[in-house]
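Trainee: generate a structure from the sequence data that follows.
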Amino acid sequence: MNLPFRGVFTAIVTPFDENGALDSDTYASLVEKQLKGGVSGIVPCGTTGESPTLTHDEHDHVIELTIEFTKGKVPVIAGTGSNSTAEAIRLSQHAEKVGVDAVMVVNPYYNKPTQEGLFQHFRAVANAVSLPVIVYNIKGRTGVNVETDTLMRLIDACPNIRGVKEASGDINQMKDVINRTDDTFSVLSGDDNIALDLIEAGGDGVISVASNIVPDKMTTMVAAALNSDFDTARKAEYELSILFKALFLETNPIPIKAAMAMAGLCQEVYRLPMCPLSSETHRQRLKETLEELKILSRQTLQSVAV
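Mentor: Sure thing, here's the model as predicted:
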């Protein structure tokens, strides 16, 4: 695709069967739902895809399946990060070999590297592949923040670092990145609830959790914003705001997978240490949200065991 990456990119869930194994048939149907919903691309093996609990073979296989199921209709940005630089390189090289359009590399987690360590890590991964690299900056999950000065060093050092998924939660940092990069560099929100704020500041879209279940609504909202129709975009955002909140009642991807199970899209099966919704109050609130948005009918809700 032409750079920059713009629009809605779904951080797609990884469905498991009742035995906890990868459910390839269900995954095919989930990808098809995204294609029909008009998303700009699909991001397998991210946080929402429960990548920390996938084996390396499973990780590779999910990426291969995504390439197979998308059939080149939309870009695939494969999550290939690790807290081990060598592992991130191997995952990224495999993703390039099987034909992804870009890789998304998360901050090394748990190690808590310095800014110099972050620079060297991302540079090593970027130098090991030729396709575009998206830096995934999420301090809340990894314990470290890619400071804007460090990101600028990386852009200067590595021409194939072509975007950032900004999930720092700091809109001022995001604006700083936008102001210090040119129009060929993509700045994508990692949070659905601030996607429009980011686009209004000059950003390019969102890597979305909510689009797993409402790809069409997210696409409509973001497309309007990218076309500077913020009246339409803000109206759509207001409608979806209750979903954005409900999807973070507990740790992602627990609520989104529960919501998709309620809608009959996949089973509510996780890999430990992820587990089903722990609060019945949260479950009821999630159901009511899906009903209000007409994702589920009242009759369907009544048939779902509480």
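
Trainee: low-confidence ranges, the stretch 51-200 of the chain, go.
Mentor: The model of the stretch 51-200 of the chain has no residue with pLDDT under 70.

Trainee: look up the closest residue to residue 124, ignoring the ones flanking it.
Mentor: Nearest residue to residue 124 in three dimensions, chain neighbours excluded: residue 85, at 5.3 Å (CB to CB, 6 or more residues apart in numbering). To be clear about C-beta, it is placed using only N, CA and C from the backbone, and glycine gets the same treatment.

Trainee: give me phi/psi at residue 41?
Mentor: Main-chain torsions, residue 41, degrees, to the nearest 10: phi -180, psi 170.

Trainee: and it, bridged to which residues?
Mentor: Using DSSP bridges, the bridge partners assigned to residue 41 are residue 9.

Trainee: tell me, how many residues neighbour it?
Mentor: Neighbourhood size, residue 41 [other CB atoms under 10 Å]: 22.

Trainee: so it touches residue 78, yeah?
Mentor: No. Using CB atoms under 8 Å, residue 41 is not in contact with residue 78, being 10.6 Å away.

Trainee: and the helix with the most length in the chain, which residues are buried?
Mentor: Determined from DSSP state H, the single longest helix within the chain is helix 230-246. The neighbour-count check on helix 230-246 (16 or more other CB atoms under 10 Å) flags 233, 236, 237, 240, 243, 244, 246 as buried.

Trainee: helices along this protein, start to end?
Mentor: Listed in chain order, the helices of the chain (DSSP H) span residues 24-36, 56-70, 85-98, 115-127, 139-142, 148-157, 171-180, 195-200, 215-226, 230-246, 254-262, 280-292, 298-303.

Trainee: as a markdown table, these with distance to residue 49 would be great.
Mentor: Shown next, in a markdown table, are those (distance: least, CB to CB, whole Å):
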| stretch | distance to residue 49 |
| --- | --- |
| helix 24-36 | 10 |
| helix 56-70 | 7 |
| helix 85-98 | 13 |
| helix 115-127 | 19 |
| helix 139-142 | 13 |
| helix 148-157 | 24 |
| helix 171-180 | 23 |
| helix 195-200 | 19 |
| helix 215-226 | 16 |
| helix 230-246 | 19 |
| helix 254-262 | 10 |
| helix 280-292 | 20 |
| helix 298-303 | 26 |
